[in-house]
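Engineer: Fold the following, please.
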Amino acid sequence: LAGRYPRIVGVDTSETALQHVKTEKVKASAEALPFEDYSFDLVLATELLEHLPKTIYHKVITEMKRVAKEWIVISVPWKEQLLLGQARCARCGTVFHVNYHCRNFRSSTLKRLFYPEFRLVTYQQVGNQRAYYHPLLLWIKQRIGGIWARTPNTVCPKCETLLHITGYLENNAIARICDQKNERITKRRSPEKSHVVAVYRRVTGL
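Structural biologist: Predicted coordinates for the structure are as follows:
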């Protein structure tokens, strides 16, 4: 977008992330945007809303509506099965989402997200196929099999332990049985995309 519009501003709390922004940049939190009302024709938030804790989630929504003159565009995970992404700290036992997601989104959520100031104009599913795991099989795999989600960078939010450690089980007989049964179930389900992009427009006359 650089060079095509008179003003483009990137906002992040991370100075490292802002180093990649080639336009105007501001270090700030989305819960307290340092801009006047209706400062921008369009406000874009990608892969942000699913990470926000309850304490600031509604503040961020309010701030986005406040600074957006006409348009809001977001991208978020689509119908994410949050339990599938649960990790369990081997040190303190804390259970949390491996990517620190706090909520999921579906059509009903999208419609009321910025209501009543903005209405949902359209949304489109994008990305790879959305992962699915039968809830009962997932419970068995996690609680009995002891196999939880993790990535090489997963850190416990409570004790800050890195979960990718030697000796952590990757698989076992219980997990393999659950995976096989779930694969048969998944094949009978209609595939959906992993993410969604939604476009909103301000309602005039409010």
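Engineer: Would you map the strands across the protein?
Structural biologist: Using DSSP state E, the strands of the chain run over residues 9-12, 24-27, 40-46, 68-77, 86-88, 95-97, 118-129, 193-202.
Engineer: Of those, which is nearest E170?
Structural biologist: The closest approach between E170 and any of the strands of the chain, judged by Cβ to Cβ, belongs to strand 86-88 at 13.4 Å. Placement of C-beta: from N, CA and C, glycine included.
Engineer: Could you tell me the average pLDDT over the closest one, please?
Structural biologist: For strand 86-88, the mean pLDDT works out to 93.
Engineer: mind checking how far that strand is from the chain centre?
Structural biologist: The gap between the average C-alpha position of strand 86-88 and the chain average comes to 16 Å, counting by Cα atoms, centre = their mean, to the nearest Å.
Engineer: Sheet partners, orientation included, of it?
Structural biologist: Strand pairing for strand 86-88, determined by DSSP bridges: strand 95-97 (antiparallel).
Engineer: Poorly predicted segments of this structure, please.
Structural biologist: In the prediction, the chain carries residues with pLDDT under 70 at positions 165-169, 205-206.
Engineer: Could you rerun that using 80?
Structural biologist: Low-confidence segments of the chain, defined by pLDDT under 80, span residues 164-170, 205-206.
Engineer: Please give me every residue in contact with the spatially most central residue of it.
Structural biologist: What sits nearest the mean C-alpha location of the chain, by Cα atoms, centre = their mean, is E50, with 3.3 Å. The contact partners of E50, taken as Cβ atoms under 8 Å, 6 or more residues apart in numbering, are 76-77, 80, 101-105.
Engineer: filter those residues to the buried ones?
Structural biologist: Burial by neighbour count, judged by 16 or more other Cβ atoms under 10 Å, picks out 76-77, 80, 101, 103, 105 from the contacts of E50.
Engineer: correct me, but R202 touches E117?
Structural biologist: Yes - with contacts counted by Cβ atoms under 8 Å, R202 reaches E117, the gap being 6.2 Å.
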